[in-house]
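S.K.: I would like to see how this sequence folds:
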Amino acid sequence: MRKQFDKQLENLNAKLVEMSEAVEQAIANTNTALTTRNTELAKEIIACDDDIDAMEKEIESLCLKLIIQQQPVASDLRLVSAVLKILTDVERIGDHASDISEIICMMNGKEYIKKLEDIPQMAEVTQKMVHDSIVAFVSKDIELAKEVIATDDKVDDLFVAVKDELIVLINNNQENGDQAIDLIMIAKYFERIGDHAVNIAEWVIFSLTGFHKDSRVM
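M.R.: Modelled structure (predicted):
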């Protein structure tokens, strides 16, 4: 019985890694589409979001079957519960990559009002946060999960820098307004991706300790 449960967990982990890799690629592609003003790539990212949604449904179904068939308790139940929570955040990250891509399409390849520096850096940092949070889950690495949580401060600082600079550009020339707002929204979506990576890391810690944000849950 235990061997069957462990095999199902291994399959669950593999599917979760596959989904997270698809999301990581979506973030990377979004960054490329943004920096190169590539609306065709942005459209591909939007189309791929359906695949990520399908992965979510498949993994959710595997979790529910495992709970019904194996009736896990204690740490095993905690682990499966964490997967269900992580799953939601990974799917939302995919949604945000699609949201950013929709804005890129609306900008329609126009020249940018400023050189993009901080936003691509936000994309790179958040992509690594997502990657590390999933690695932390699979490898049961609490310290790596804590590093992901700590890294969010860097993303927040980058967002503030982007917002402040774009507000100055709007004040200097109101014709910059529409694109400046679009870029602020893109930066905000990357900031939200960082928040979801933090959520994943917090659920990793929960899966190993039973504590979520310093409160005992189970």
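S.K.: now what about stretch 23-39, what contacts it?
M.R.: 41-42, 44-45, 48-49, 52, 90, 93-94, 97-98, 100-101, 104-105, 107-110, 112, 116, 119-120, 123-124, 126-127, 130-131, 186, 193 (C-beta atoms under 8 Å, 6 or more residues apart in numbering). Placement of C-beta: from N, CA and C, glycine included.
S.K.: any idea how far the helix or strand where residue 160 lies is from the chain center?
M.R.: Secondary structure from DSSP states H and E places residue 160 in helix 142-172. Relative to its chain's centre, helix 142-172 lies at 15 Å (C-alpha atoms, centre = their mean, to the nearest Å).
S.K.: And stretch 7-26, by the same measure?
M.R.: That offset, for stretch 7-26, works out to 13 Å (C-alpha atoms, centre = their mean).
S.K.: ok, now stretch 183-192?
M.R.: Offset of stretch 183-192 from its chain centre (C-alpha atoms, centre = their mean): 13 Å.
S.K.: how about that stretch: buried residues?
M.R.: Buried residues in stretch 183-192, counted by 16 or more other C-beta atoms under 10 Å: 183-184, 186-192.
S.K.: Need the contact partners of it.
M.R.: So stretch 183-192 is in contact with 34, 92, 96, 99-100, 103-104, 112-114, 116, 118-119, 122-123, 126, 155-156, 158-159, 162-163, 166, going by C-beta under 8 Å, 6+ apart.
S.K.: for that stretch, what is the average pLDDT?
M.R.: If you average the pLDDT over stretch 183-192, you get 98.
S.K.: same deal with stretch 4-14?
M.R.: On average, stretch 4-14 scores 89.
S.K.: neighbouring contacts of it?
M.R.: Residues contacting stretch 4-14 (C-beta under 8 Å, 6+ apart): 59, 62-63, 66, 70, 72, 76, 79-80, 83, 137-138.
S.K.: Show me where the chain has its helices.
M.R.: 2-36, 39-70, 74-107, 118-139, 142-172, 177-209 (DSSP state H).
S.K.: Run through the residues that contact residue 15.
M.R.: 55, 58-59, 62.
S.K.: Counting neighbours, what do you get for residue 118?
M.R.: 20 (other C-beta atoms under 10 Å).
S.K.: From the contacts of stretch 183-192, list just the buried residues.
M.R.: Buried, going by 16+ other C-beta under 10 Å: 34, 92, 96, 99-100, 103-104, 113-114, 116, 118-119, 122-123, 126, 155, 158-159, 162-163, 166, out of the contacts of stretch 183-192.
S.K.: still on that earlier bit, Serialize the contacts of residue 15 to a markdown table and add fields for pLDDT and neighbour count.
M.R.: Output for the contacts of residue 15, formatted as a markdown table (pLDDT from 0 to 100; neighbours: other C-beta atoms under 10 Å):
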| residue | pLDDT | neighbour count |
| --- | --- | --- |
| 55 | 97 | 21 |
| 58 | 97 | 13 |
| 59 | 97 | 23 |
| 62 | 94 | 19 |
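S.K.: out of those residues, which one sits closest to residue 3?
M.R.: Ranked by distance to residue 3 (C-beta to C-beta), those are led by residue 62 at 17.1 Å.
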